[in-house]
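> Need the 3D shape of this:
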Amino acid sequence: MLYVIVNPTAGNGKAAKTGKKIEAELIKRNIEHEIHYTEFKGNATDLARDAVKRGFKTVVSVGGDGTSYETVCGLKDSDVALAIIPAGTGNDFIRALGIPKNYKKALDVALTKPARSVDCGIVNGRMFLNACGTGFDITVLDYAQKARKYVKGPLTYLYGVIKTVFNFSPTCVKVTVDGETVFDGDILVIAISNGPYYGGGIKIAPNAAPDDGLFDITIVRPIGSSAKMVTYLPGLVGGKVLTFKETTALKAKKVTVESKGMRFNIDGEIIQTDVAELELVTDRLKMHY
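Predicted coordinates for the structure are as follows:
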């Protein structure tokens, strides 16, 4: 029996429509299920905990990366498997796992593929799936959120990137990797990645894989003027970030990022903290993929 969680606001309402289609498909296939629509931010976590408490074996998240993140937080320390049907704006983690974008094909994966372990991260005690970080991406998310009133899909992130190029100030951070300080200074961005993509398809960590037991850490120092940053955009979007002379790339299991009053991105959700402590774990989550 499936426990389906739908975030009706994800993808500018796309997830609500997808949820109805999935419900019809499950009825058509005579598959037992419950379908629940989130009503407020964080509700997917509550619903996932309900599924765990009631003994469900699989929870299906219908939405974007933020919905999957909330759902995973509710599955912490359980044996309940996660399946994802993409219906959000970014859908970055599904790219790493090879989950189809088509809802029927993604549902087939949930129903036919056996659940298997996938790497995930823990940041300040909370689980996450895809990527965390601070710097450039925070401002991109701010502008992308505003753009969702006017445009849909990855275009919101592209708009955010372009606006950020002309309105960004570097962030000063201290980065400790596996107990050793590796950076202390201004950055354009730092991304701690389990999967290669973030920001609606930007390949920020080209070598990241959610089954290798390590985070990929990408640190990009300030590039310079807005005009110079514009020349870097094709390389950033095209997955060439590791070729930038301003980039440092590392792999590790534990990472600490420190910055006073830092705004920190966790799978598209932003928190404020002075210290973000991250650890990659290999045995906390199973997924259908």
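
> Could you pull up the contacting residues of the nearest residue to residue 222 once chain neighbours are set aside?
Nearest non-adjacent residue to residue 222, counting by Cβ to Cβ, 6 or more residues apart in numbering: residue 170, 4.5 Å away. To be clear about C-beta, it is placed using only N, CA and C from the backbone, and glycine gets the same treatment. Contacts for residue 170 were tallied using Cβ atoms under 8 Å, 6 or more residues apart in numbering; they are 135, 186-188, 222.

> now residue 47: how far from residue 75?
Distance from residue 47 to residue 75, counting by Cβ to Cβ, to the nearest Å: 11 Å.

> check contacts around residue 204.
Contact analysis of residue 204 by Cβ under 8 Å, 6+ apart lists 131, 133, 189, 191, 193, 196-198, 218, 236, 241.

> likewise residue 148?
By Cβ under 8 Å, 6+ apart, the contact set of residue 148 is 12, 89, 156.

> any idea which helix or strand carries residue 236?
Using DSSP states H and E, residue 236 sits within helix 226-237.

> Where does residue 77 sit, in terms of helix or strand?
Going by DSSP H and E, residue 77 is not in any helix or strand.

> For it, which residues are in contact?
Per Cβ under 8 Å, 6+ apart, neighbours of residue 77: residue 284.

> quick one: the helix or strand of the chain with the lowest mean pLDDT to helix 226-237, angle?
Using mean pLDDT, DSSP states H and E, helix 155-165 stands out as the lowest-scoring helix or strand of the chain, at a mean of 82. Angle of helix 155-165 versus helix 226-237, following axes from the mean of the first three to the mean of the last three Cα atoms, to 10 degrees, is 150 degrees.

> pLDDT (mean, whole number) over the following helix or strand past helix 155-165?
Next in sequence after helix 155-165, counting helices and strands by DSSP H and E, comes strand 171-177. The pLDDT scores in strand 171-177 average 97.

> Give the buried residues for strand 171-177.
171, 173, 175-177 (16 or more other Cβ atoms under 10 Å).

> What residue spans form the domains of this protein?
By the assignment in automatic domain parsing, the chain contains the domains 2-113, 131-282.

> Mind checking those domains for the one nearest to residue 122?
Nearest of the domains of the chain to residue 122, taken as Cβ to Cβ: domain 131-282 at 5.0 Å.

> gap between the two ends of the closest one?
15 Å (Cα to Cα, to the nearest Å).

> re earlier: what is the helix holding residue 236 packed up against?
Contacts defined by 3 or more Cβ pairs under 8 Å, 6 or more residues apart in numbering; DSSP states H and E place helix 226-237 against helix 155-165, strand 202-203.

> wait, which of those is closest to residue 27?
With Cβ to Cβ as the criterion, residue 27 lies closest to helix 155-165 of the helices and strands packed on helix 226-237, at 32.9 Å.

> Now do the buried residues in that closest one.
Residues 156-161, 163-165 are the ones in helix 155-165 that count as buried (16+ other Cβ under 10 Å).

> Who are the packing partners of that helix?
For helix 155-165, the packing partners by 3+ Cβ pairs under 8 Å, 6+ apart come out as helix 136-147, helix 226-237.

> Quick one: low-confidence residue ranges for the stretch 151-289 of the chain.
Confidence mapping of the stretch 151-289 of the chain against pLDDT under 70 gives the ranges 152-154.

> sorry, back to before: most neighbours among the contacts of residue 170, please name it.
Using other Cβ atoms under 10 Å as the neighbour criterion, residue 135 leads the contacts of residue 170 with 28 neighbours.

> who's it bridged to?
With DSSP bridges as the criterion, residue 135 is bridged to residue 189.

> hang on, isn't it packed against residue 186?
No. With contacts counted by Cβ atoms under 8 Å, residue 135 stays clear of residue 186, the gap being 9.3 Å.
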